[in-house]
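**Q** kindly return the folded structure for what I paste below:
(4 chains)
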2 protein chains.
Amino acid sequence: MAIQYNTSLDRTFHALGDGTRRKILSILAGQGASTASELLAPFDVAQPTISKHLKVLEKAGLVRREVEGRIHRFELVTNPMDEAESWISRHKQFWEGTLSRLDTFVDQLEKPSNKQEKNE
Amino acid sequence: MAIQYNTSLDRTFHALGDGTRRKILSILAGQGASTASELLAPFDVAQPTISKHLKVLEKAGLVRREVEGRIHRFELVTNPMDEAESWISRHKQFWEGTLSRLDTFVDQLEKPSNKQEKNE
DNA sequence: TTATAGTATAGCCAAATGGCTATACAATAT
DNA sequence: ATATTGTATAGCCATTTGGCTATACTATAA
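**A** Numbers count the residues shown, from 1 in each chain, chains lettered A, B, ... in the order given. So this is what the prediction gives:
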C-alpha cells in the first residue's frame, strides 16, 4: 500500500505541492475570506476541481470553511504553515552550522509522539 | 493529464511531502554527507525504494549526488528550501497583517517568469 | 579471475492524484 | 411553485506515486 499522508506535515507539504492550491491560498492571503465561487473564478478549471482542492486544503488544516446558507466561505489558517516552516528552518539551520550537530538530531526532528505507521 | 510538478516549488513541496524523504534529509542534516547505503540502513524498506526517493530529492535539488567509484555520496542542498520557506513566510506575514494587503499581492507571489503550463 | 558489495533500472501492482462531465441538492430569487 | 445559483458528490480516466522483486552493472576484494 502507498502511504496516505498520515502526519500533519505530510498533509501540509502535500497540499502546498500543487500550484492551483498555492494560488488559492495566495488569493485568501491577498483578499481575505472568499467564497468557493470567488476562488473558482481566476482558474480555468471545472468547478468540481476547485471543490476537490478546497477539500484537500481543508483536510490539511490550511483553510477553514464556514457555511452560510448555500455559500461556503473559506479563510486561510496559517497554523500548519508554522510547523512546515519550522521543519525547513531547522534543517537549514543545521546545514548552515548555526547549531552543533547533535547525534540525536534526527530523533528530535519530528516528535515521535504520533503513532502512525509512517512516523518519523 | 495530471500536472507533473513543473515548477521548482511544486517539486520542492512534493519532495518534502513524504516522511521517508524528510527523514533522509534529516539524516543528511544531522550527520552530513552520507552514502546511499547509510541512508538506506535506518529504514525498513527495500533498497530500490530508497534509490527512488533519492532520485526524487535529487531532481528537486534538495540533494547533491557525488559518485566515487561504486559509492554514491549525497549531501543536503538547502537552496530549494529557501524558496519554499519564503513562500510560507510571505503568506504568514500577510495573514498576520504585518504587511498591507495589496491587491497586486497574488500576482507578486510567484514570479510569472517561468513559462510552464501550470505557472502561478 | 571470481566473488561480493553498492546502486540503479525494469517491470509489476495497488492506491492516490488531478481533471472532467453529469447529477444531486439545498437555498435563494422570481 | 419554479427557476436559478452555489456547491458537493459520483463516477470515470490517465498519470503519478510508493513499494516490491528480479536483475543488471560496476567497482572493489579475495
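
**Q** please, which helix or strand holds A:Asp44?
**A** Assigned by DSSP states H and E, A:Asp44 belongs to no helix or strand.

**Q** no, scratch that, I was asking about A:Ser51
**A** Per DSSP H and E: A:Ser51 is located in helix A:47-59.

**Q** between the next helix or strand after that helix and helix A:47-59, how big is the angle?
**A** Going down the chain from helix A:47-59, the next helix or strand is strand A:63-68, by DSSP H and E. Comparing the axes of strand A:63-68 and helix A:47-59 via axes from the mean of the first three to the mean of the last three C-alpha atoms, to 10 degrees yields an angle of 120 degrees.

**Q** next, the buried residues of the helix ranked longest in chain A.
**A** The longest helix of chain A (DSSP state H) is helix A:79-95. Neighbour counts using 16 or more other C-beta atoms under 10 Å in any protein chain shown place A:Pro80, A:Met81, A:Glu83, A:Ala84, A:Glu85, A:Trp87, A:Ile88, A:Arg90, A:His91, A:Lys92, A:Phe94, A:Trp95 of helix A:79-95 among the buried residues. Glycine gets a C-beta too; all of them are placed from N, C-alpha and C.

**Q** now those residues as a markdown table including distance to chain B and pLDDT?
**A** Below are the buried residues of helix A:79-95 laid out as a markdown table (distance: C-beta to the nearest C-beta, whole Å; pLDDT from 0 to 100):
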| residue | distance to chain B | pLDDT |
| --- | --- | --- |
| A:Pro80 | 10 | 96 |
| A:Met81 | 5 | 97 |
| A:Glu83 | 10 | 95 |
| A:Ala84 | 6 | 97 |
| A:Glu85 | 5 | 97 |
| A:Trp87 | 7 | 96 |
| A:Ile88 | 5 | 96 |
| A:Arg90 | 8 | 94 |
| A:His91 | 5 | 93 |
| A:Lys92 | 5 | 90 |
| A:Phe94 | 4 | 67 |
| A:Trp95 | 5 | 56 |
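
**Q** setting the sequence-adjacent residues aside, check what's closest to the residue sitting nearest the centre point of chain A.
**A** Against the mean C-alpha coordinate of chain A, by C-alpha atoms, centre = their mean, the closest residue is A:Thr12 at 2.9 Å. In this structure, A:Thr12 finds its nearest non-sequential neighbour in A:Pro80, 4.3 Å apart by C-beta to C-beta, 6 or more residues apart in numbering or on different chains.

**Q** which residues of chain A score low on pLDDT?
**A** Counting by pLDDT under 70, chain A contains low-confidence residues at A:1-6, A:94-120.

**Q** tell me which residue in it sits closest to DNA strand C.
**A** Relative to DNA strand C, the nearest point of chain A is A:Gly69 (2.2 Å; C-beta to the nearest atom of the strand).

**Q** circling back: chain center to the longest helix of chain A: distance?
**A** Put simply, helix A:79-95 sits 13 Å off its chain's centre (C-alpha atoms, centre = their mean, to the nearest Å).

**Q** ok, and what's touching it?
**A** A:8-9, A:11-13, A:16, A:60-62, A:99, A:101, A:105, A:109-110, B:16, B:22, B:25-26, B:29-30, B:76, B:78, B:81-82, B:84-85, B:88-89, B:91-92 (C-beta atoms under 8 Å, 6 or more residues apart in numbering or on different chains).

**Q** okay but A:Ala15 is in contact with A:Arg21, surely?
**A** Yes. Counting by C-beta atoms under 8 Å, A:Ala15 touches A:Arg21, with 5.7 Å between them.

**Q** list residues touching both of the two?
**A** A:Val56, A:Leu57.
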